[in-house]
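[1] my questions are about this predicted structure, shown below with the sequence.
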Number of protein chains: 4
Amino acid sequence: MSIETTFHVRYAETDQMGVVHHSAYVVWIEEGRSAYMRAIGSDYAEIERSGYFLTVTEIHLRYLAPAHYGERVTIRTWLEDVRSRTVTFAYEAVQADTGQLLATGQSQHVCIDRNGRVAVIPPRWRNILAQNVKHET
Amino acid sequence: MSIETTFHVRYAETDQMGVVHHSAYVVWIEEGRSAYMRAIGSDYAEIERSGYFLTVTEIHLRYLAPAHYGERVTIRTWLEDVRSRTVTFAYEAVQADTGQLLATGQSQHVCIDRNGRVAVIPPRWRNILAQNVKHET
Amino acid sequence: MSIETTFHVRYAETDQMGVVHHSAYVVWIEEGRSAYMRAIGSDYAEIERSGYFLTVTEIHLRYLAPAHYGERVTIRTWLEDVRSRTVTFAYEAVQADTGQLLATGQSQHVCIDRNGRVAVIPPRWRNILAQNVKHET
Amino acid sequence: MSIETTFHVRYAETDQMGVVHHSAYVVWIEEGRSAYMRAIGSDYAEIERSGYFLTVTEIHLRYLAPAHYGERVTIRTWLEDVRSRTVTFAYEAVQADTGQLLATGQSQHVCIDRNGRVAVIPPRWRNILAQNVKHET
């Protein structure tokens, strides 16, 4: 299962090459992740309020084609892996009107508590995540 | 006439006070402006392609209440003034679900050409803008 | 007394007009404020650890000339006003090599506590600030 | 050969977890790259003025420890590979005062011309880069 979220490129996201700066995609895939969590009924804002955080331990992005101001971009997000303490998400960024693939990415996360210590993902969240993952371990 | 655009707060827009950082509103009102231009049929991307830019000469923001991750924000944008070379937009940022007013703002712009010289706003764009302004001079 | 901090323009701060995006100045003057606080011996990180925050209630920026990637920018910061609950800073952004004035700005702040309630600035910080202000009330 | 550049964490770079948001490192390593290019006498601003761009095709970041507002961060940058059309940079982000390793990263770039077409890196720049690379091919 993948979730899509679509938005307009913001002018501030462009750079002097006339295209979207590569750092914007890091924020976009995070927004994809937020949309995913909302869609599966596990709002990330609520997870944080319960005292747990899925902190980012790794990101990997490949840029295939540039996005431009005036275009709409769709972020497609899915869960690739859920373990007791870690989660892996994968992403595609697509030009919404043409369907052209702009970038692909992955992010890895580890669950930590309020003190920054690695923690087991609380069962309530882990179950929701596990139901949506491609391959659970 | 005012135009509304609504979006989720992005996690990257928060800061260590636990609320949205005040610089995000500068990007949000710019997105409000983009939505406004699209709505009145004068896509800003198209204006730039024609060789003209409405560069920002002044911004003024008043912050009334904090926005939080997990909330949706609406930016309400209207044209306050259109002159031969300058344009003034005004904005309200509102928590979309409660209607609470978060911030108010204004931005002033001057039309420049590709060489950075102040230019008269091309009649095509000026007419579209002028039809939508509260008070035209 | 004013404090200067100088840095290179970051590529990510440019936009498709080929100049620094106006939102970057909001971050720059905040960095100017941080440098100011460090210089007068009232590190803002320490103020927050003590449970108080100088939250931004208003910003006002006027843009006079564009900054470009490859240039160094100096932010000149001074305290304009300190009252029991509020502080006003003022700023100039200058091209470091030519001395050209790029922008001027002001920010207003109110002291709040951890619960977001308006608070009197603790005497320790207020005294340090007051010694450096142009006009104290 | 590696080049170091050191700066204060900016408040706007923090997020509601109370640490620097992971997207800031993408901007930091780009600033490390800019510092590297300046240090080896091949200012990237000058490369762009000559009509060539080292556009980002891939980034990979691993986050080991969080950075905080009030800290200084050092980005250590080196060239890992230079080929006729591509360049690979590698990075370490270090807490400047304690020496703690915060993150490691890599970025891959392809040379393009003003029309966005892949191009051979002009000999002038390639020679300067090749003299500084660990392993040239």
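    Thanks, I have the structure now.

[2] please count neighbours and contacts with C-alpha atoms only from this point.
    OK.

[3] just give the closest residue to the residue minimising distance to the centre of chain A, not the sequence neighbours.
    In chain A, the centroid-proximal residue (Cα atoms, centre = their mean) is A:R33; its distance is 3.1 Å. For A:R33, ignoring the flanking residues on the chain, the nearest one in space by Cα to Cα, 6 or more residues apart in numbering or on different chains is A:T77 at 6.4 Å.

[4] one more: A:T88?
    Per Cα to Cα, 6+ apart, closest to A:T88 is A:Q108, 4.5 Å.

[5] in chain A, which spans are strands?
    A:3-8, A:52-63, A:72-82, A:86-95, A:101-113, A:135-136 (DSSP state E).

[6] is the first one positioned near chain B?
    No: applying Cα under 8 Å from any Cα of the partner chain, one finds that strand A:3-8 is not in contact with chain B, the shortest distance being 8.5 Å.

[7] which outside residues touch that strand?
    By Cα atoms under 8 Å, 6 or more residues apart in numbering or on different chains, the surrounding residues in contact with strand A:3-8 are A:32, A:35-36, A:39, A:69-78, A:96.

[8] for chain C, what is the nearest residue in chain A?
    Residue of chain A nearest chain C, by Cα to the nearest Cα: A:D15 (3.8 Å).

[9] so what's the residue count around A:A119?
    Using other Cα atoms under 10 Å in any protein chain shown, A:A119 has 17 neighbouring residues.

[10] was I right to think it contacts A:I112?
    Yes: taking contacts as Cα atoms under 8 Å, A:A119 lies within contact range of A:I112: 5.0 Å.

[11] in chain A, which segments are predicted with low confidence?
    A:135-137 (pLDDT under 70).

[12] re earlier: if the residue nearest to A:R33 is in a bridge, with which residues?
    A:I3, A:Y91 (DSSP bridges).

[13] dump the residue contacts of it.
    A:2-4, A:29, A:32-33, A:36, A:89-92.

[14] for chain A, longest helix please?
    Across chain A, the helix with the greatest residue count (assigned by DSSP state H) is helix A:23-39.

[15] ok now do the residue located most distally from the centre of chain A, which residues does it touch?
    The centre of chain A is farthest from one residue, A:Q16, which by Cα atoms, centre = their mean lies 26.2 Å away. Taking Cα under 8 Å, 6+ apart as the criterion, A:Q16 is in contact with C:11, C:14-19.

[16] need the max-distance pair from the residues you listed.
    C:Y11 and C:M17 (12.8 Å; Cα to Cα).

[17] higher neighbour count, those two?
    Set C:Y11 next to C:M17 and count neighbours by other Cα under 10 Å: C:Y11 wins out with 22 against 19.

[18] looking at it, that one is touching D:E30, isn't it?
    Yes: the criterion here is Cα under 8 Å, and C:Y11 meets it with D:E30 at 7.4 Å.

[19] roughly how far does the residue nearest to A:R33 sit from C:Y52?
    According to Cα to Cα, to the nearest Å, A:T77 stands 39 Å off from C:Y52.

[20] picking that back up, quick one: buried ones out of the contacts of strand A:3-8?
    Neighbour-count burial (16 or more other Cα atoms under 10 Å in any protein chain shown) is assigned, among the contacts of strand A:3-8, to A:32, A:35-36, A:69-70, A:72-78, A:96.

[21] near chain C, which residues of chain A? Just list them.
    So chain A meets chain C at A:11-19, A:21, A:23 (Cα under 8 Å from any Cα).

[22] which members of these occur in helices, if any?
    A:S23.

[23] return the residues of chain A in contact with chain D.
    A:22-23, A:26-27, A:56-64.

[24] can you do 10 Å?
    Residues of chain A found near chain D (Cα under 10 Å from any Cα of the partner chain) are A:16-17, A:21-27, A:30, A:48, A:53, A:55-66, A:103-109, A:114, A:116.
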